[in-house]
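1. show me how the following folds:
(6 chains)
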There are 4 protein chains.
Amino acid sequence: MARERKNSVRQSIVETASRLFYKQGYTSTGINQIIAESGVVKSTLYTTFRSKEEILMAYLESEGAVSDKELKEATEKVNDPKEKVLAVFDYLVELVQQKEYYGCHFLNVVSEVTKEDEAIRTQIKKQKNNVRQLFRQLLQPIGKGDLTDEIYTLFEGALAGNKVHDDVFPVINAKKIAEKLLK
Amino acid sequence: MARERKNSVRQSIVETASRLFYKQGYTSTGINQIIAESGVVKSTLYTTFRSKEEILMAYLESEGAVSDKELKEATEKVNDPKEKVLAVFDYLVELVQQKEYYGCHFLNVVSEVTKEDEAIRTQIKKQKNNVRQLFRQLLQPIGKGDLTDEIYTLFEGALAGNKVHDDVFPVINAKKIAEKLLK
Amino acid sequence: MARERKNSVRQSIVETASRLFYKQGYTSTGINQIIAESGVVKSTLYTTFRSKEEILMAYLESEGAVSDKELKEATEKVNDPKEKVLAVFDYLVELVQQKEYYGCHFLNVVSEVTKEDEAIRTQIKKQKNNVRQLFRQLLQPIGKGDLTDEIYTLFEGALAGNKVHDDVFPVINAKKIAEKLLK
Amino acid sequence: MARERKNSVRQSIVETASRLFYKQGYTSTGINQIIAESGVVKSTLYTTFRSKEEILMAYLESEGAVSDKELKEATEKVNDPKEKVLAVFDYLVELVQQKEYYGCHFLNVVSEVTKEDEAIRTQIKKQKNNVRQLFRQLLQPIGKGDLTDEIYTLFEGALAGNKVHDDVFPVINAKKIAEKLLK
DNA sequence: AATGAATGAGCCTTCATTCAT
DNA sequence: GATGAATGAAGGCTCATTCAT
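-> Down below sits the predicted model:
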């Protein structure tokens, strides 16, 4: 039961922090807001996480797992190898048009940390490498493994362009290019 | 001389703030640091700019002008129409490998402001539309105007990918794709 | 014309400051707000008035003149000697129910200055002594000069009570007492 | 002991703030002065009180309790019903001649807040209604309940008049009137 | 005489974190 | 192990006033 409570505390913190970090940004979100909205006492927060940055890490890990899972599921909905790659971009088209979409969790954070925040940058890199790995796994079977980083660059272009313009057009264009590359 | 002093104060603030906003992020940079490093007294800063956000706007405008100019110059170095487009990516290759490069000024900021900061978001969008416009002007003469947003999406992919990985590979790959699209 | 301009500047400052001092309080009203709303340049304000306190003094003098005049007029509307005294309270009944009434100008200010602000306190005292003098002039002819300060105390009670409760009842009760005293 | 410390911090803040608010006025007293003179660290002050206004509220409540108690005690010193009412004014005579008397706490504050500061105005009104209630309780037994608000208006006139003139005469005159009314 | 620019001190409030219990 | 209280530094911004021109 102590274990349960601890977990629920941890979960409550991460959930609240995730929502706030995503919507307001990491730096703009204060510890006080997290404790106020999670209901967790401040000192308990600091026995669960050593620092605000550790909460950020938990957020990145948590959202990373969700992202990995959803990308994987998107590719599994179709059977044709090429279509699997394009399914990723179809997923993005849906994703970026969701009501509570505020951009890519990882691109958002990477702009708020300096080059010195190695742990965070490494985690973000790791997450993005998962995406590259996914593309590699989809492309190698059809002999297009060398397109991996090109397709991945389109992926980032879709997300970054969408963030700036708050418009789906960069995602659409990324997909168009992907189709051409896979022809 | 009064005019001179005014300009030097304003300029001193913007230069200092630009350096700090770029290296540390907007939110992580405090007004106190700006005044300490610019040597401008706090109240003078606030007679020159109404708010920190106004300094951010000046920073975006200033860097936007530089960016516009450098992109234009990059395309003017070559003569072949297709090469002009690729020259943009060559410019990026050089840019992102500079010692004091910390990512795209505009993508960095866009992650730190909420959807409510309309003035800032509009300025960033405007800046990025300048880039789209540049691509359009280069592509239309060779009958490839409909590739504008695809090339632009590659541009963003190059910058965003580079930011995450601190590596030139996304820029290289963006250029590779551009070459294929222009063939 | 220079004279005219000077006067209009002075008038503009006093009018704006009066409105703001009255509605927001003296301390809560900043010089910047006065210049913003009066359209007078800051350095011009400081050539017209030596300090914020001097503007306060001008405000008290200006409102004092208005108050003297209105009280006098109120007493002149009736003929019966006793009624003249009561007419002051009838005037107050109307006054405190006006839309833009925020309490007695002078009682308001007296609470914002310390005992050290002698000039201001003296001006306020002088203004209130004008009221005492008015009552004396009305009461002596009917052989009730010794009631002067009692009636005056009712006057202050009406204003102070009204300020607290934002209700006319203290004015009404002050008048009731005055009627009894004059019987 | 934790409890003790909490109380001592809170108490220390309220005591210091009370002294300063009373002597200098609410607006003219800064948080920095409160922390300097109370010895409480700024962030601790803000864990004890959410805002400066909350300290003002504590001040009003604290002084309100003192005022209620002293008025009650004053009336209990005498036995004759009518004398109990007059004892209130005798109390005021002593009060306003004290060395550190700077006017009525509540009338002072009411002039520094706008009509929008409802919580503060309500507290002040509540305090003054306690006085009205006291008068009512003293007057009803002798069949003079309908004089309550007249006597109360005298009370305010005494305090307001004293504040302006820094002289006891308004209190003396208020008492004189009260005596006549009670005859 | 008039002004735009500049000033230092101060405003109220929040930051992420740690401590004693 | 959990917590309420405490911390020093910093947050962005405004104050009334004066200066050089």
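2. grab the nearest non-local neighbour of residue A:159.
-> With CB to CB, 6 or more residues apart in numbering or on different chains as the criterion, residue A:159 has its nearest non-adjacent residue at 4.4 Å, and that residue is residue A:104. For every residue, glycine as well, the C-beta is placed using N, CA and C.
3. quick check: the gap between that neighbour and residue A:64.
-> Residue A:104 sits 11 Å away from residue A:64, going by CB to CB, to the nearest Å.
4. what does residue A:132 give?
-> 14 Å.
5. which non-adjacent residue is nearest the residue sitting nearest the centre point of chain A?
-> The centroid of chain A falls nearest to residue A:105 when counting by CA atoms, centre = their mean (4.5 Å). Excluding the flanking residues, the one nearest residue A:105 by CB to CB, 6+ apart is residue A:63, at 4.5 Å.
6. assign that neighbour to helix, strand or coil.
-> Classification of residue A:63 using DSSP: H, G, I helix; E, B strand; the rest coil returns helix.
7. what separation is there between it and residue D:168?
-> Residue A:63 is 73 Å from residue D:168, by CB to CB.
8. which residues sit against the helix or strand where residue A:18 lies?
-> Assigned by DSSP states H and E, residue A:18 falls within helix A:2-24. By CB atoms under 8 Å, 6 or more residues apart in numbering or on different chains, the list of residues contacting helix A:2-24 from outside reads A:29, A:33-34, A:37-40, A:44-45, A:48-49, A:55-56, A:58-59, A:62-63, A:100, A:102, A:105, A:108-109, B:114.
9. what subset of the residues you listed is also close to DNA strand F?
-> When contact is defined as CB under 7 Å from any atom of the strand, the contacts of helix A:2-24 meet DNA strand F at residue A:44.
10. so between residue A:104 and residue A:64, which is more surrounded?
-> More crowded of residue A:104 and residue A:64, by other CB atoms under 10 Å in any protein chain shown: residue A:104, with 27 against 18.
11. quick one: that one from residue A:118, how far?
-> Taking CB to CB, one finds residue A:104 at 20 Å from residue A:118.
12. relative to DNA strand E, which residue of chain A is the closest?
-> residue A:30 (2.5 Å; CB to the nearest atom of the strand).
13. and that residue, how many neighbours does it have?
-> If you count neighbours by other CB under 10 Å, residue A:30 ends up with 12.
14. read off the pLDDT value for it.
-> Residue A:30 carries a pLDDT value of 94.
15. now residue A:155
-> 98.
16. tell me if I'm right that it and residue B:154 touch.
-> No - counting by CB atoms under 8 Å, residue B:154 is not a contact partner of residue A:155; they are 11.6 Å apart.
17. ok, and the helix or strand in chain A with the lowest average confidence?
-> The helix or strand of chain A with the poorest confidence is helix A:2-24; it has a mean of 83 (mean pLDDT, DSSP states H and E).
18. do that one and DNA strand E meet at all?
-> No - Helix A:2-24 lies apart from DNA strand E when judged by CB under 7 Å from any atom of the strand; the minimum separation is 10.0 Å.
19. and for stretch A:42-52?
-> Yes - looking at stretch A:42-52 against DNA strand E by CB under 7 Å from any atom of the strand, the contacts come from A:42-43, A:46, A:50-52.
20. just the buried ones out of those residues, please.
-> With neighbours counted by 16 or more other CB atoms under 10 Å in any protein chain shown, the residues of stretch A:42-52 next to DNA strand E contain buried members at residue A:52.
21. nearest to DNA strand F, of the residues of stretch A:42-52 next to DNA strand E?
-> DNA strand F lies nearest to residue A:43 out of the residues of stretch A:42-52 next to DNA strand E, by CB to the nearest atom of the strand, at 2.8 Å.
22. can you tell me the helix or strand for that closest one?
-> helix A:42-48.
23. below-threshold pLDDT in chain A: ranges please.
-> Low-confidence segments of chain A, defined by pLDDT under 70: A:1-7.
24. tell me, how many residues neighbour the closest residue to chain B within chain A?
-> Proximity of chain A to chain B (CB to the nearest CB) peaks at residue A:157, 2.6 Å away. The local packing of residue A:157 (other CB under 10 Å) involves 29 other residues.
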